[in-house]
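>>> Model the following, please.
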Amino acid sequence: MSSPTYKTAPVPSKKMPTGIPYIVGNEAAERFSFYGMRGILVVFMTQYMLTASGKMDHMPGPEATAVFHYFVASAYFFPLLGSILSDVFWGKYKTIMLLSIVYCLGHLALAIDETRMGLFLGLTLIAIGSGGIKPCVSAHVGDQFGKQNQHLLSKIFGWFYIAINLGAFVSSLLIPEILKAYGPHYAFGLPGVLMLIATILFWLGRNQFVHIPPSGWKKFRTETLGKEGIQAILNLSVLFYVFVPIFWSLFDQTGSTWVLQATQMKTVSIGEFEVKAAQIQAFNPFFILVLVPTFNYVVYPLIDKVFPLTPLRKISIGFFLTAASFAIVALIQIAIDRSPDNPPNMLWQAVPYLVITAGEVMISITCLEFAYTQAPTSMKSFIMSLYLLSVTVGNLLTSGVNEFIMIDEKTSRLQGADYFWFFSGLMLVAAILFVFVARFYKGKTYIQDDGTDDARAEEEGIQ
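Below is the predicted model:
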């Protein structure tokens, strides 16, 4: 039986590619599964985890924070594996399908075993599966576009990001409720079901996709280690491994230290519904849904009238916003520490969430598109994985800081608001330095095209 024949290059068209709805739908369901599981991890480790004999085995807050960030770090390390499998051996479609099955098995392990063994086995499989498909899915989006419709690329990466956060928003509200009402089995099980749906939905779109063939080891090695590949990596390495990791070090604390801060604050009830600390994270995807179209259609055009808004200028502004968000969190912590018996209510966290989400829109979405367009055509997934590795570096930084500051199990060198001031100051210093470093960046833009392998050169800067 002959293997199916798929499109191997974008169809010349000015319209949106027909495979995009399947990719966006897959991403929404996959992100529901990931953020639903991720959103309750710290609460599970500190309040629900058991030994094999059924006794309580709860982690202290700093240990749970460290484990959380090591997991996120590993989830953004495995894109290296996925990118090499994709670009060299299997192609993006096959890589996504096979690693999605590993991903589903990770959710299954979490759902059936409430012990540390179940936790670490499940998180390992999820890190391999989710990490492995990350660079492939975002690069697969870009592969659907040729030169005639490349003007739609920025728009689709924005809507792609909306799909991510729609899934995250729903799961951030729903999964903590399921955890409280039905326990970890169901709370981890539902995200597994959504991941299975995501896998099936992606399979259904197979005949609509452009399947860019793997380059093979020889071509990949030649281009990666050749002049253009080395130049692209060097151009992006300072951005990816010096500045962007600091952003992720702060941003991913919305799932750890910000949740722990929310547990110290006054709970909020809406009618008979009591908002839980883990559900406060829903502010982020909610604000994404509002801010992405607002920035694309209002904020960016207005800024463009004042000065040209290049990708690196967007990233620079985002860094300053991120530093400001942690300064606000520090002020909230001061209010908590001054009046622990009458703390501010959890809705005050909406303010720093709004600010850090604005920073995320300007950094994360921009970096996704920037990493794709700056990568030579045969190493799109690989360059995406190098960008995603910045999340690993950032989370290792957070875990390292949390381990270093602990004098003993209950005493920290950075108490209360000082902890948040430290990270705010770190981000502010990085933001100021980036303004100067970005002025010297010069890059080249590469777009997949119908049968051609040429590139359009552009200089990128924030001058």
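
>>> dump the residue contacts of Ile84.
Ile84 is in contact with 220, 382, 385, counting by CB atoms under 8 Å, 6 or more residues apart in numbering. Where you see a C-beta, it was placed from the backbone N, CA and C, and this is true even at glycine.

>>> Just give the number of residues close to Arg116.
When neighbours are counted by other CB atoms under 10 Å, Arg116 registers 16.

>>> wait, which of the contacts of Ile84 is closest to Leu347?
Ser385 (37.9 Å; CB to CB).

>>> so where do the helices sit in the stretch 301-450 of the chain?
311-338, 350-360, 366-373, 380-404, 417-437 (DSSP state H, counting those that start in this stretch).

>>> and the longest one with helix 350-360, angle?
Orientation check (axes from the mean of the first three to the mean of the last three CA atoms, to 10 degrees): helix 311-338 against helix 350-360 gives 160 degrees.

>>> List the buried residues of helix 311-338.
311-333, 336 (16 or more other CB atoms under 10 Å).

>>> related to what we said a few turns ago, now render the helices of the stretch 301-450 of the chain as TSV, adding distance to Val193 and mean pLDDT.
Shown next, in TSV, are the helices of the stretch 301-450 of the chain (distance: least, CB to CB, whole Å; pLDDT from 0 to 100):
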stretch	distance to Val193	mean pLDDT
helix 311-338	33	96
helix 350-360	28	96
helix 366-373	27	80
helix 380-404	26	84
helix 417-437	36	95
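
>>> Reformat the ones you listed as CSV; add distance to Ala73.
Shown next, in CSV, are the helices of the stretch 301-450 of the chain (distance: least, CB to CB, whole Å):
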stretch, distance to Ala73
helix 311-338, 18
helix 350-360, 18
helix 366-373, 17
helix 380-404, 4
helix 417-437, 16
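
>>> Name the single longest helix found in this structure.
Criterion DSSP state H: the longest helix present in the chain is helix 153-182.

>>> As a markdown table, the contacts of Ile84 with neighbour count and distance to Tyr93 would be great.
Converted to a markdown table, the contacts of Ile84 look like this (neighbours: other CB atoms under 10 Å; distance: CB to CB, whole Å):
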| residue | neighbour count | distance to Tyr93 |
| --- | --- | --- |
| Phe220 | 20 | 17 |
| Phe382 | 27 | 17 |
| Ser385 | 28 | 17 |
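
>>> rewinding a little: among the helices of the stretch 301-450 of the chain, which comes closest to Gly54?
helix 380-404 (29.4 Å).

>>> Dump stretch 101-115 to CSV, keeping only the CA atoms.
Taking Å, rounded to 0.1, in the frame of the first residue of the first chain, the C-alpha atoms of stretch 101-115 are listed here in CSV:
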residue,chain,number,x,y,z
ILE,A,101,0.8,10.1,22.6
VAL,A,102,3.6,10.3,25.2
TYR,A,103,1.9,13.5,26.4
CYS,A,104,-1.4,11.7,27.0
LEU,A,105,0.4,8.9,29.0
GLY,A,106,1.9,11.6,31.3
HIS,A,107,-1.6,12.9,32.1
LEU,A,108,-2.7,9.3,32.8
ALA,A,109,0.1,8.8,35.3
LEU,A,110,-0.9,12.0,37.2
ALA,A,111,-4.5,11.0,37.2
ILE,A,112,-4.1,7.5,38.6
ASP,A,113,-1.3,8.0,41.1
GLU,A,114,-1.3,10.7,43.9
THR,A,115,2.2,9.9,45.2
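
>>> That stretch: which residues count as buried?
102-111, 113-114.

>>> Could I get the contacting residues of Ala52?
Per CB under 8 Å, 6+ apart, neighbours of Ala52: 115, 117.

>>> Need phi/psi at it.
phi -60, psi -30 (degrees, to the nearest 10).

>>> Least confident secondary structure element in this structure?
helix 217-224 (a mean of 75; mean pLDDT, DSSP states H and E).

>>> Distance from the next helix or strand along the chain from that one to the middle of the chain?
Once helix 217-224 ends, the next helix or strand along the chain (criterion: DSSP states H and E) is helix 227-238. Distance of helix 227-238 from the chain centroid (CA atoms, centre = their mean, to the nearest Å) equals 23 Å.

>>> same check, this time on stretch 261-278
With CA atoms, centre = their mean, you get 25 Å for stretch 261-278.

>>> got the contacts of Ile84 as CSV, with distance to Ala75 columns?
Shown next, in CSV, are the contacts of Ile84 (distance: CB to CB, whole Å):
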residue, distance to Ala75
Phe220, 24
Phe382, 18
Ser385, 12
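
>>> Let me know the closest of the residues you listed to Ser130.
Using CB to CB, those come closest to Ser130 at Ser385, 12.8 Å.

>>> Contacts only, for that closest one.
By CB under 8 Å, 6+ apart, the neighbours of Ser385 are 79-80, 82-84, 134-135.

>>> Now intersect those residues with the helices, please.
Going by DSSP H, the helices hold 79-80, 82-84, 134-135 from the contacts of Ser385.

>>> among these, who's most crowded?
In the ones in helices among the contacts of Ser385, the most neighbours by other CB under 10 Å go to Pro135, 34 neighbours.
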